[in-house]
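**Student:** missing the sequence, but the structure's below:
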């Protein structure tokens, strides 16, 4: 953290570390923005982006546990328009397609094996078509930014699903891992099953019981002073792309984006991780059943799907997040597009998070260096204990 903040590569950064059910320890450096007088704090608000996916995944686990949703239940049961999907023959070349042989299921949505595309993130004709239709369940800035195309507005959730079903899939459901808007679609389904929008369901069933008091899909004006500034890069220099007071995350969206829409604090997200590590319990309060957490953190990949060649090769997928295998057995969590990550390591009884705000996250190797630094600390700790 010192290295990146002192070099002014990031305005601020926070690491959150916790053992078992003990309170987290926070290492904070820098400020909420280069021109912000507020220091980085555990209560600072960060755009979590894809760290939203495990949260939505665990919401689905609640409904599966209650028998209101089936892990292998077809998506078409909740959105009939997905009952006759087409699969692109070669999505890199054209939208020419054939009828799908399988139905998309809830399991497929949870593990990015649905075959659904991803506007902007994907680099194929399917992604281009999704972008043309405004099927981009994500926001970045009110500014026009280099490298970020101007897209049509995202429609309401019902229209979103109807239009999404008209676009061919990139692969046959249940056969290939392809990062996608699956968790955004699942968030809409959760709303239909629960009889309330995803954001309200999470507020009532997860955030409230877990004591997550500063987690939002639309940041209220009262919380504006807590919001960090997000930066992009013009060459080597960071430029402001979203700031408190005029943030796009303070405006309403057509629906709560279950794959990318959460804004939260290191303290709040640590409580989510502590609840997962506690097998559904936190502070004596049961938020989820132990069975639901165990299922959500286990391997949910359809049989025969390989992760070779993906950035999680060697592991598996749980509910919206990685499920560790081998030396990573017990690992569950995910990272976000603006330089954030949060994981539990159940085998070690450890939870960890890193929080900065810059895009793209590949600009710096922070998210790959953080776990290496953490592992080095753990090894040193073990060696001291042995001595």
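**Tutor:** Now that the structure is in, tell me what you want to look at. Here the structure is a predicted model, which means the values were calculated and not measured.
**Student:** all contacts plus neighbour counts: C-alpha atoms, from now on.
**Tutor:** OK.
**Student:** mind listing what's buried in the lengthiest helix in the chain?
**Tutor:** Longest helix in the chain, counting residues (DSSP state H): helix 366-386. For helix 366-386, burial by neighbour count (16 or more other Cα atoms under 10 Å) applies to 366-367, 370-371.
**Student:** pLDDT at residue 384, what is it?
**Tutor:** Turning to residue 384, the model gives it a pLDDT of 89.
**Student:** if I look at it, how far off is residue 113?
**Tutor:** Going from residue 384 to residue 113 by Cα to Cα, to the nearest Å gives 44 Å.
**Student:** helices of the stretch 251-387 of the chain, start to end?
**Tutor:** With DSSP state H, counting those that start in this stretch as the criterion, the stretch 251-387 of the chain has helices at 266-277, 290-297, 366-386.
**Student:** which residues sit against the last one?
**Tutor:** Counting by Cα atoms under 8 Å, 6 or more residues apart in numbering, helix 366-386 makes contact with 339-341, 354, 361, all of which sit outside it.
**Student:** so how far is that helix off the chain centroid?
**Tutor:** Centroid separation for helix 366-386 versus its chain: 25 Å, with Cα atoms, centre = their mean, to the nearest Å.
**Student:** ditto for the second one
**Tutor:** Using Cα atoms, centre = their mean, the mean C-alpha position of helix 290-297 is found 18 Å from that of the whole chain.
**Student:** then stretch 20-40?
**Tutor:** 21 Å.
**Student:** repeat for stretch 53-69
**Tutor:** On Cα atoms, centre = their mean, the centre of stretch 53-69 falls 15 Å from the chain's centre.
**Student:** same deal with stretch 109-123?
**Tutor:** 13 Å.
**Student:** could I get the buried residue list for it?
**Tutor:** 109-120, 122.
**Student:** now, those that are in helices?
**Tutor:** Per DSSP H, these map to helices at 109-111.
**Student:** could you dump the residues you listed to CSV with pLDDT and distance to residue 73?
**Tutor:** Shown next, in CSV, are those (pLDDT from 0 to 100; distance: Cα to Cα, whole Å):
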residue, pLDDT, distance to residue 73
109, 98, 11
110, 98, 12
111, 98, 14
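**Student:** for those, which one is nearest residue 273?
**Tutor:** residue 110 (18.0 Å; Cα to Cα).
**Student:** quick check: that closest one touching residue 180?
**Tutor:** No. In this structure residue 110 lies outside contact range of residue 180 using Cα atoms under 8 Å: 10.2 Å.
**Student:** picking that back up, between the buried residues of helix 366-386, which sits nearest residue 311?
**Tutor:** Using Cα to Cα, those come closest to residue 311 at residue 367, 12.6 Å.
**Student:** can you put the ones in helices among the buried residues of stretch 109-123 in CSV and add distance to residue 318?
**Tutor:** Output for these, formatted as CSV (distance: Cα to Cα, whole Å):
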residue, distance to residue 318
109, 11
110, 7
111, 6
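**Student:** just for the stretch 51-200 of the chain, where's the confidence low?
**Tutor:** Residue ranges of the stretch 51-200 of the chain with pLDDT under 70: 147-148.
**Student:** tell me the helices in it, going along the chain?
**Tutor:** Shown for the stretch 51-200 of the chain, the helices assigned by DSSP H, counting those that start in this stretch span residues 52-65, 106-111, 125-132, 157-164, 182-194, 198-202.
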